[in-house]
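**Q** have a look at this fold, sequence not included:
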């Protein structure tokens, strides 16, 4: 069973205490199949959301090269592949998805989409000259 007891939020590539501190409250994680509490997570604040959004915006820096984006995406794919059983188990416990659906649709489809994006990054022409114009995509 995945561990659903956490006292920190993952923001900007690191585990951080919620802005309300460790005692800022928790939210019960409930298994929808049994309606039992299977863990607790921090009750993030608006400041925590703002920090996460700011981090996500930095991750989408338009100045990052295509090669760096491709490298980052491939690292995500590798990490996903290593943890697919854990991800499926977590989806089943937290959402109540049938195990078979979690192991196929809810893990394999996102993985296939990520791999599709990685494939596109290998061949997509981000620059194209048409006459005297340079088209950037």
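**A** Received the coordinates, thanks. If you're wondering where the values come from, they're calculated on a predicted model, not measured in any experiment.
**Q** would you map the strands across the protein?
**A** Using DSSP state E, the strands found in the chain span residues 4-5, 9-11, 14-16, 26-31, 36-42, 127-130, 133-136.
**Q** nearest to residue 55, of those strands?
**A** For residue 55, the closest of the strands of the chain is strand 9-11, at 5.6 Å, according to C-beta to C-beta. The C-beta positions use only the backbone N, C-alpha and C, and glycine is treated the same way.
**Q** packing partners for that closest one?
**A** Helices and strands touching strand 9-11, as assessed by 3 or more C-beta pairs under 8 Å, 6 or more residues apart in numbering; DSSP states H and E, comprise strand 14-16, helix 46-59.
**Q** list the buried ones in it?
**A** 9, 11 (16 or more other C-beta atoms under 10 Å).
**Q** please compute how far that strand lies from its chain's middle.
**A** Relative to its parent chain, strand 9-11 has a centroid offset of 11 Å by C-alpha atoms, centre = their mean, to the nearest Å.
**Q** what pairs with that strand, parallel or antiparallel?
**A** Its sheet considered, strand 9-11 pairs with strand 14-16 (antiparallel) by DSSP bridges.
**Q** give me the residues contacting the partner strand.
**A** Here strand 14-16 makes contact (C-beta atoms under 8 Å, 6 or more residues apart in numbering) with 8, 9, 10, 51.
**Q** then stretch 104-123?
**A** Applying C-beta under 8 Å, 6+ apart, the contact partners of stretch 104-123 are 66, 69-70, 73-74, 76-77, 80-81, 84, 87-88, 91, 97.
**Q** how far off centre is it?
**A** The answer for stretch 104-123 is 14 Å, by C-alpha atoms, centre = their mean.
**Q** tell me the mean pLDDT over it?
**A** Averaged over stretch 104-123, pLDDT sits at 92.
**Q** what are the buried residues along it?
**A** 106, 107, 114, 118, 121.
**Q** and the top helix by length along the chain, what's its mean pLDDT?
**A** Secondary structure of the chain per DSSP state H: the longest helix is helix 66-95. What helix 66-95 shows for mean pLDDT is 91.
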